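A.B. asks: Sequence and predicted structure, then a few things I'm wondering about:
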Amino acid sequence: MLQVTPVQAFTDNYIWLIHSPRDQRQVVAVDPGDAAPVHQALTHFSLQLSGILLTHHHRDHVGGVGDLLRQSSVPVFGPANESVPGNPIRVHSEQQAVFDSLGLEFDVLDVPGHTSGHVAYWGHGALFCGDTMFSAGCGRLFEGTAEQMLSSLAQFAALPEETQVYCGHEYTVSNLRFALAVEPDNEESARYLEECSRKRARNEATLPSDIRRERNVNPFLRCHRHTVKQAAEARAGRELNPVEVFAVVREWKDGFRS
Ligand SMILES: [Zn+2]
């Protein structure tokens, strides 16, 4: 399995360092929004930055790219349809991000919704999904539509269930409080909330998650389920199709304070 080191940035961002299976000291940084904590981690663990993957254009995901590239010139992959720093190799669905010398290659998935050109990287049993999906939640719809986001999340739900899920933010505990407001009888969500609360009390990452768990606890992957549909329809006061269920639950979450 892929070795991945989390680097905390800002208040709740994660910059993931993917270790080369050929040489564990060489790493690819995913969404380095800030260069300083990456530099610290590289020094602390005696690692060498050998590549960068970017999922979308938001500053908290790309802000450190310029600084990192001034220190070492490494290949950068980024979304084909967004403007991101680092003069990246621009990729979209059906293409791959390949770091030949590191023995790392990832399939690119177009996953619009949070931003219109957002991409995710999937390979070696791991998914790097930026701000499209969080554990038990999903990104806000800043640029895309509910329909786009629902179909982006459906792509994730169709991946092998053991796929490790690396998201851009530590939002799991507050997402699970919301998930339980939508599905109060979801026992796996309740158990997972206890587990994640204990981890956060020790300042441990709740990530990676996996696809099996997300299918079971993430309300945004469960819009076709009777329980989620019923909760959304009770809120809307009418019958809803799956896209409308998603839109109602997303809006509900936007206004939810746990
Ligand atoms: Zn974002």
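C.D. replies: Sure, I can see it. Residues are numbered from 1 along each chain as shown.
A.B. asks: Mind telling me which residue of the stretch 101-250 of the chain is nearest the ion?
C.D. replies: Proximity to the ion, evaluated over the stretch 101-250 of the chain using CB to the ion, is greatest for D131 at 3.6 Å. For the C-beta atoms, the positions are set from N, CA and C on the backbone; glycine is no exception.
A.B. asks: Regarding the residue nearest the centre of the chain, what are the backbone dihedral angles?
C.D. replies: Central residue check for the chain by CA atoms, centre = their mean: the C-alpha nearest the mean position is that of C167, 2.7 Å away. Here the main-chain torsion angles of C167 (degrees, to the nearest 10) amount to phi -100, psi 170.
A.B. asks: Bridge partners for it, pull those for me.
C.D. replies: Counting by DSSP bridges, C167 is bridged to G130.
A.B. asks: Surely it touches W16?
C.D. replies: No. The pair C167 and W16 fails to qualify as a contact (CB atoms under 8 Å) at a distance of 9.3 Å.
A.B. asks: for the closest residue to P208 other than its chain neighbours, what are its contacts?
C.D. replies: Beyond its immediate neighbours in the sequence, the residue positioned closest to P208 (CB to CB, 6 or more residues apart in numbering) is Q164, lying 4.2 Å away. Residues touching Q164, when contacts are defined by CB atoms under 8 Å, 6 or more residues apart in numbering, comprise 1-2, 4, 125-127, 208-210.
A.B. asks: Just the buried residues out of those residues, in ChimeraX syntax.
C.D. replies: Filtering the contacts of Q164 down to the buried ones (16 or more other CB atoms under 10 Å) takes a single ChimeraX command:
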select :2,4,126,127,208,209,210
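A.B. asks: Return the closest of the contacts of Q164 with respect to R257.
C.D. replies: Proximity of the contacts of Q164 to R257 was ranked by CB to CB; the top entry is S209 with 23.3 Å.
A.B. asks: shouldn't the closest one be in contact with S135?
C.D. replies: Yes. The pair formed by S209 and S135 meets the contact definition of CB under 8 Å, at 4.1 Å.
A.B. asks: anything in contact with each of these two?
C.D. replies: Overlap between the neighbourhoods of S209 and S135 consists of 165, 167, 172, taking contacts as CB under 8 Å, 6+ apart.
A.B. asks: Next one: the residue nearest to P208 from A29, what distance?
C.D. replies: Here the criterion is CB to CB, to the nearest Å. By it, Q164 lies 17 Å from A29.
A.B. asks: got it, and Q48?
C.D. replies: Relative to A29, and taking CB to CB, Q48 is found at 11 Å.
A.B. asks: Neighbour count for these two, which is higher?
C.D. replies: For Q48 and A29, the more surrounded residue by other CB atoms under 10 Å is A29, and the numbers stand at 27 against 12.
A.B. asks: just the strands in the stretch 51-200 of the chain please.
C.D. replies: Applying DSSP state E, counting those that start in this stretch to the stretch 51-200 of the chain gives strands spanning 76-79, 89-91, 96-99, 104-110, 119-123, 126-130, 133-134, 137-138, 164-167.
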